[in-house]
Structures are given as C-alpha cells and as structure tokens.
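> Here's a sequence, model it:
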Amino acid sequence: MRAPDLDARAAAAVDGASSVPAVLAATCRALIDVLGAQACAISRLVGELLVQIEEVVQPGRSLIIGQGYVLSDYPMTREVLDSRELKPVSVFDADADPAEAELLRELGYEALLMAPLVVGEQTWGLVELYDSGERRFSDDDVELAARIIDRAGARLAELGA
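Model (predicted):
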C-alpha cells in the first residue's frame, strides 16, 4: 500500500514545475518515488522517431539521453502510442515483444512500463519506467502511473508544450 502523502507530493511536484524540462524531470522522479522503480526516461515523438530527452537513473548508469528509436523497429511501442494505453513488459513474459525484451536486457533491466504522454489532443511522447529482477508492473502500478503522467500532460499543455 502506498502512502497517500507520497502520492500527493508527487502530484504537487509535477503541478509546481515551471518549465517543460522541470515537468519532465519531476514526472520521472515522481514515478520512481511512488512506484519504487529504478529508472525513468521520457522521449519526445518526432514523426516516426522517439528521441530521449529526460532520464532519472541510478548513479553511474544511463539510458542514453539523445538516443533515437525508429518506431517501425518497436511495434509494441507504436501500439502504446497509437492506442494511448499503458503497457507493462517483462523479459520473463512468454509473449514479450522480442525487440523490447532485447533492448531491456541491453539496458540492464527486466521490467518496463510504457506509457503515452498526451498533451492536449496530441501524443507528445513516451514515458518508460524501468526496474530489475522479476518484477512485473501491476494493474495498481499502471493506474497510479497513468494518474501521474496525465498530470504531467496537463501541466505541459498549460506551459504550451
């Protein structure tokens, strides 16, 4: 059970961010704090390319800021962006997308929660939350992440992103 004050602090941090970079950083930190994950990245959707523009990771690690991913190489990511539905992935799932599972292993993680970042009526980007071990993001995790990411999208819209 998560502490309500932690959820409230996460929401306040996102709501109080005064610039686009601050909203992105606050969103990553809030997701890690509330869900207990190890890393978070946010990528901007540019046509058929996702370019990573924010990350919060453990010291000494990186998810590679500026890295670009072509959507056609990652059909599950495309599905998340098109459907606007969050999707948990584990390398231990029998039906895991091979491209996603391979990338997870390369980055040193086993679990991923992908979520569209919607600003106004547009799918603006992708949020990815990472963890290690045999963790699988639960339905409760998905619901909580959706609330935080929705707040981030609303705040980005207020800032004119």
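
> contacting residues for Ala99?
By Cβ atoms under 8 Å, 6 or more residues apart in numbering, the contact set of Ala99 is 73-76. In short, each C-beta sits where N, CA and C put it, glycine included.

> Need the residue in the protein that's farthest from the chain's center.
Here the centre of the chain is the reference, and by Cα atoms, centre = their mean the most remote residue is Ala94, at 22.4 Å.

> so it sits in a strand?
No. Ala94 is assigned coil when assessed by DSSP: H, G, I helix; E, B strand; the rest coil, not a strand.

> distance of it from Ala101?
11 Å (Cβ to Cβ, to the nearest Å).

> next one: phi and psi at Ala17?
Main-chain torsions, Ala17, degrees, to the nearest 10: phi -70, psi 140.

> Quick one: neighbours of it, just the number.
Here the number of neighbours of Ala17 (other Cβ atoms under 10 Å) works out to 20.

> how about the strands of this protein, start to end?
Under the criterion DSSP state E, the chain contains strands at 39-46, 49-56, 68-70, 87-90, 111-119, 122-131.

> Tell me which of these sits most buried.
Mean neighbour count (mean count of other Cβ atoms under 10 Å) peaks for strand 111-119 among the strands of the chain, with a mean of 23.

> Next, the angle from that strand to strand 122-131.
With axes from the mean of the first three to the mean of the last three Cα atoms, to 10 degrees defining the directions, strand 111-119 sits at 160 degrees from strand 122-131.

> then strand 111-119 to PDB, C-alphas only?
Below are the C-alpha coordinates for strand 111-119, written out as PDB (Å, rounded to 0.1, in the frame of the first residue of the first chain):
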ATOM      1  CA  ALA A 111      10.700  -4.900 -16.400                       C
ATOM      2  CA  LEU A 112       9.300  -1.900 -18.300                       C
ATOM      3  CA  LEU A 113       6.100   0.100 -18.100                       C
ATOM      4  CA  MET A 114       5.500   2.100 -21.300                       C
ATOM      5  CA  ALA A 115       3.000   5.000 -21.300                       C
ATOM      6  CA  PRO A 116       2.000   7.600 -23.900                       C
ATOM      7  CA  LEU A 117       2.500  11.200 -22.800                       C
ATOM      8  CA  VAL A 118      -0.500  13.100 -24.200                       C
ATOM      9  CA  VAL A 119      -0.500  16.900 -24.300                       C
END
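
> Give the other helices and strands that that strand contacts.
Counting contacts by 3 or more Cβ pairs under 8 Å, 6 or more residues apart in numbering; DSSP states H and E, strand 111-119 packs against helix 75-83, strand 87-90, helix 98-107, strand 122-131, helix 139-158.
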